[in-house]
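J.: this one's structure only:
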C-alpha cells in the first residue's frame, strides 16, 4: 500500500510537494534507530508501528457484509499487511535520491539497506499479498490486484502529481473492499464504508502536502469540514443491517436496559477535529504537521465507527483496541518518532 497511513493503504503523505507524512518527528531518527543493526533498519524502513492502522480496513469491510469474520478475513488482513509493507519499501526506494538530501538518516541513503534489497522486498511483499488474496477467493483477488497496482502507481508516478491524494484515497477504499470481498464474496454492501474511509484519507493527504511549508488554511479547513460530515454520517446514518443483524437489533421486551455507549464517531471526531481546527487558525508547519498526525491517528477510530455503523459491535471493539496496541508496540520498540512515509 502507498506509504502513509494510510493509505493508502495507508495510508498518508506531504512534504516535497507530495504526500509525505510523519508521526511526530519528520526530520530525524530516534537514538534506537541510530544504534540499531539490520533488524532495526528494516523495522524503520517498513514502519512496523504503522501496521496497526491496517487490519481495521478489512475488518470494517467484513462488518459491512453482515458476515462474521472468518479464515478468509484473516487472509485478507494478511494480504493488506503485505501490500502495505510493499508500499513502504517501494516508497523509500522511489524517494532515495531526495532522502539522500533531506533525510540522510533513513535506511537507504544511510547505507543500512541497499536499494536493490528494498525493491526486492517490495516485489516479494506484493507477490505475497496477491497470493494471500487468491487464497481468500477470486473476489478478493479481483480487488487485491487493482489495489497492488494503485500502490505501485502511487509510489512510482502519482505521488508528486495532483492525482496523488486521490490515489491514496483509492488505495484505502480498495483495502476495505478487500475485506468485504474475502468475507462475503462481494463488495456492494461495503461501498458506502469504502467511500467514507476514502474521503477521510483524501482530506488528510491534502493537508499533508503543505506540512513542511505551511501557509494554507484551506486544506485543514476542508479536512475539518470533512470530519464533521463523516462524524455525522457514521453516527446518525447507519447502513441497513443484514437480516441476521436486523433480528438481533429488533426491539426487546420492556425491562432494564444497559446504558447507551458513546456515539461511534465521537472518538474519531475528538482525534481529528481539534488539530485540524488549530491548523486552520494558524497554518504554520508545526501545526500543519500535528493536523496530519491527528488525521492519521483518527483512521483507527473511524474504522471502528464504520464497523459499528454496520452493526459489527464486537468487530468495532476489536478495531478500536488496535490504537493503544500500536502505541504500546511503538514504545517498546523504541520507534515512537519513526516516520511512516
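T.: Looks like it came in fine. Remember, predicted model here, so these are calculated numbers, not experimental data.
J.: neighbours of residue 290, just the number please.
T.: 18 (other Cβ atoms under 10 Å). For the C-beta atoms, the positions are set from N, CA and C on the backbone; glycine is no exception.
J.: mind showing which ranges of the stretch 151-300 of the chain have poor pLDDT?
T.: The model of the stretch 151-300 of the chain has pLDDT under 70 over residues 237-264.
J.: what about 80?
T.: Along the stretch 151-300 of the chain, segments meeting pLDDT under 80 span 212, 236-264.
J.: Please, where are all the helices along it?
T.: 164-184, 191-208, 218-236, 243-248, 266-281, 285-297, 299-309 (DSSP state H, counting those that start in this stretch).
J.: Residue 67: what secondary structure?
T.: coil (DSSP: H, G, I helix; E, B strand; the rest coil).
J.: How many residues are close by it?
T.: Residue 67: 19 neighbours (other Cβ under 10 Å).
J.: and the gap between it and residue 190?
T.: Plainly put, residue 67 is 11 Å away from residue 190 if you go by Cβ to Cβ, to the nearest Å.
J.: Cross-check the contact I'm expecting between residue 179 and residue 76.
T.: Yes. At 4.8 Å, residue 179 and residue 76 qualify as touching, with contact defined as Cβ atoms under 8 Å.
J.: can you list residues touching both of the two?
T.: Listed as contacting both residue 179 and residue 76 by Cβ atoms under 8 Å, 6 or more residues apart in numbering are 58, 61-62.
J.: Which one (most neighbours) among the residues you listed?
T.: Among these, residue 61 has the most neighbours (other Cβ under 10 Å), with 36 neighbours.
J.: Can you list the helices and strands that the helix or strand harbouring that residue packs against?
T.: Here residue 61 sits within helix 55-65, counting by DSSP states H and E. If contacts are counted by 3 or more Cβ pairs under 8 Å, 6 or more residues apart in numbering; DSSP states H and E, helix 55-65 sits against helix 71-94, helix 164-184, helix 191-208, helix 299-309, helix 313-320.
J.: How far off centre is that helix?
T.: Relative to the chain's own centre, helix 55-65 is displaced by 13 Å; criterion: Cα atoms, centre = their mean, to the nearest Å.
J.: Kindly report the same for stretch 197-206.
T.: How far stretch 197-206 lies from its chain's middle: 10 Å, per Cα atoms, centre = their mean.
J.: for stretch 92-107, same thing?
T.: 22 Å.
J.: Mind listing what's buried along it?
T.: By 16 or more other Cβ atoms under 10 Å, the buried positions in stretch 92-107 come out as 92-96, 99, 102-103, 105-107.
J.: for stretch 216-234, same thing?
T.: The neighbour-count check on stretch 216-234 (16+ other Cβ under 10 Å) flags 216, 219-224, 226-227, 230-231, 233-234 as buried.
J.: before we move on, back to that, dump the buried residues of stretch 92-107 into CSV; add pLDDT and distance to residue 333 as well.
T.: Listed next are these as CSV, based on pLDDT from 0 to 100; distance: Cβ to Cβ, whole Å:
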residue, pLDDT, distance to residue 333
92, 96, 18
93, 97, 23
94, 96, 25
95, 94, 23
96, 95, 24
99, 92, 21
102, 85, 24
103, 88, 20
105, 92, 17
106, 93, 17
107, 96, 15
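J.: Could I get the residues you listed in TSV, plus columns for distance to residue 117?
T.: Output for these, formatted as TSV (distance: Cβ to Cβ, whole Å):
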residue	distance to residue 117
92	11
93	9
94	15
95	16
96	12
99	15
102	21
103	18
105	18
106	14
107	9
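J.: ok, of those residues, which one's closest to residue 303?
T.: residue 92 (25.6 Å; Cβ to Cβ).
J.: wait, isn't that closest one in contact with residue 106?
T.: Yes. Assessed by Cβ under 8 Å, residue 92 is found in contact with residue 106 at 6.3 Å.
J.: Need the residues touching each of those two.
T.: Residues touching both residue 92 and residue 106 (Cβ under 8 Å, 6+ apart) are 45, 99.
J.: Give me the below-cutoff pLDDT ranges for the stretch 1-150 of the chain.
T.: For the stretch 1-150 of the chain (pLDDT under 80), the answer is 1-36.
J.: What segments of it are helices?
T.: For the stretch 1-150 of the chain, the helices defined by DSSP H, counting those that start in this stretch occupy 31-35, 38-46, 55-65, 71-94, 96-102, 115-135, 138-153.
J.: Residue 197 is nearest to which of those?
T.: Among the helices of the stretch 1-150 of the chain, the nearest to residue 197 by Cβ to Cβ is helix 55-65 (7.1 Å).
J.: just the angle between that closest one and helix 313-320, please?
T.: Inter-element angle recorded for helix 55-65 and helix 313-320: 170 degrees (by axes from the mean of the first three to the mean of the last three Cα atoms, to 10 degrees).
J.: between helix 55-65 and helix 71-94, how many degrees?
T.: Using the same axes, to 10 degrees: helix 55-65 against helix 71-94 is 140 degrees.
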